[in-house]
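J.: Okay, structure incoming, though there's no sequence with it:
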């Protein structure tokens with residue numbers, strides 16, 4: 001149990017957040033399909049990105065790391081075609097609890113012609129995989145299950161992949177199924193024509209991120225007018241150099257802390273335009289009572305006003321745990337809708353949020369795809385569980401910031417995307433009542449996850 005720091009005065013902090021995990025792991029996969037060595041600046045170093053790098057190395061990708069003078073991390077990747085070639089025999093891939101590894105890498109392995117056995121943490125074995133595996137089977141791969149079909153562990157044997165007029169995927173459980181096939185598309189025979197099956201598409205903003213990243217780096221991907229179909233042209237990507245944006249979703253708990261304490265939080269290197277869903281904090285927080293400003297210096301400043309209003313918001317996706325915690329601190333009820341796919345993430349996040357926010361006194365009702373939250377008249381301290389889920393842990397830390405006596409189970413689970421979270425959070429809390437403060441993320445979180453001013457600004461070099 002981690003004793004969450006609590007404050008009684010407004011915080012006043014500048015926080016340097018690490019690089020985006022979603023962008024980092026997409027760039028890493030695309031580098032494996034390039035026609036020469038690629039360089040990724042400001043690479044996130046976390047459990048998820050380490051698992052991805054290990055997976056790529058197992059597939060035959062050459063991996064070299066360099067720590068820059070500003071202590072950010074640059075990774076140079078040499079694709080198998082330019083290195084020793086794809087691995088022979090069956091390689092083993094540890095997915096941990098990383099959705100991007102367990103969903104993206106099977107398709108990549110098949111496209112590279114590598115047979116690979118996949119397994120992961122106990123929590124990973126209950127996360128659905130069937131849509132992407134069925135799609136690979138439709139293209140000619142052979143999937144060998146060691147347990148329940150559609151779940152880890154399994155082995156992908158590429159055999160002889162062929163072209164199909166169209167592949168259809170059920171993306172209601174995760175957008176990663178679509179992204180996995182899109183990312184592998186350039187290396188598939190004849191490219192790929194992909195459609196989402198009838199029904200909901202989870203987190204479409206992450207699919208948009210995938211498409212934009214691929215096009216920016218030299219792939220040819222088109223989207224149907226109804227945004228439910230995609231065409232990927234066959235062909236190797238040109239070697240590229242790219243810098244990773246800060247993780248705007250991970251910035252959320254720190255920005256929400258400004259509202260919770262009626263304080264001020266600044267996040268440097270905030271992009272003017274982004275495909276990250278965390279960019280929505282610029283709209284969500286003002287709707288709940290904050291003053292938000294993105295300066296010409298690319299610093300996003302959020303100021304709490306002493307009032308936190310409830311919100312009716314749809315499709316918050318991975319922002320939901322932080323947003324739900326902030327709703328529990330509001331002065332009126334909130335409703336979060338269109339989030340049923342979160343039941344298949346690291347944990348059933350809707351059920352977990354219902355349990356944990358109820359512990360501190362909120363009245364919470366979770367339906368199939370909705371959370372209704374009535375803040376308590378008086379919050380109470382509690383031991384809050386993380387469920388091995390980094391976003392549940394950071395949401396609990398937000399509650400603890402204004403609820404003395406709160407403890408968070410296994411705060412170390414935040415290492416999935418933010419290895420230095422606990423120290424950063426404590427440093428931010430220590431600014432309460434101060435007029436001017438140093439950056440709460442420097443220096444060690446900057447060291448772990450990178451980010452010079454140029455690199456963190458994002459964009460292709």
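T.: Yes, it's here. The model shown is predicted, which means the values in this text are computed figures rather than measured ones.

J.: Who are the contact partners of the closest residue in space to residue 192 that isn't next to it in sequence?
T.: Excluding the flanking residues, the one nearest residue 192 by C-beta to C-beta, 6 or more residues apart in numbering is residue 185, at 3.7 Å. Quick note: C-beta positions are derived from backbone N, CA and C, even for glycine. Contacts here follow C-beta atoms under 8 Å, 6 or more residues apart in numbering; on that basis residue 185 touches 191-192, 194, 219, 221, 230, 232, 234.

J.: what about 6 Å?
T.: Neighbour list for residue 185: 191-192, 232 [criterion: C-beta atoms under 6 Å, 6 or more residues apart in numbering].

J.: where does the protein have low pLDDT?
T.: The chain contains residues with pLDDT under 70 at 69-71, 82-86, 436-461.

J.: Break it down into its domains, please.
T.: Domain assignment for the chain by automatic domain parsing gives 2-18+246-460, 21-230.

J.: any idea which of the contacts of residue 185 is closest to residue 45?
T.: Nearest to residue 45 among those is residue 232, at 29.6 Å by C-beta to C-beta.

J.: Residues in a beta bridge with that closest one, which ones?
T.: residue 192, residue 221 (DSSP bridges).

J.: Now do it against residue 317, distance only.
T.: From residue 232 across to residue 317, the span is 24 Å (C-beta to C-beta, to the nearest Å).

J.: more neighbours, those two?
T.: Taking neighbours as other C-beta atoms under 10 Å, residue 232 and residue 317 compare with residue 232 leading, 24 against 21.

J.: Correct me if wrong: that one contacts residue 223.
T.: No: applying C-beta atoms under 6 Å, one finds residue 232 not in contact with residue 223, separated by 10.5 Å.

J.: need the helices for this structure, in chain order.
T.: Taking DSSP state H as the test, the helices found in the chain are 21-31, 47-59, 99-112, 130-138, 176-184, 204-216, 248-261, 281-287, 320-328, 349-359, 390-401, 421-429, 444-449, 453-456.

J.: quick one: which of the ones you listed is nearest residue 294?
T.: helix 281-287 (6.8 Å).

J.: ok, and what's touching that closest one?
T.: Identification of contacts with helix 281-287 by C-beta under 6 Å, 6+ apart yields 252, 255, 292, 302, 311.

J.: Out of the residues you listed, give me the one that has the most neighbours.
T.: Of all the contacts of helix 281-287, the most densely surrounded is residue 252 (30 neighbours; neighbours counted as other C-beta under 10 Å).

J.: on that earlier part again, distance to residue 63 for the contacts of helix 281-287 - can I get that in JSON lines?
T.: Listed next are the contacts of helix 281-287 as JSON lines, based on distance: C-beta to C-beta, whole Å:
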{"residue": "252", "distance to residue 63": "30"}
{"residue": "255", "distance to residue 63": "33"}
{"residue": "292", "distance to residue 63": "39"}
{"residue": "302", "distance to residue 63": "37"}
{"residue": "311", "distance to residue 63": "43"}
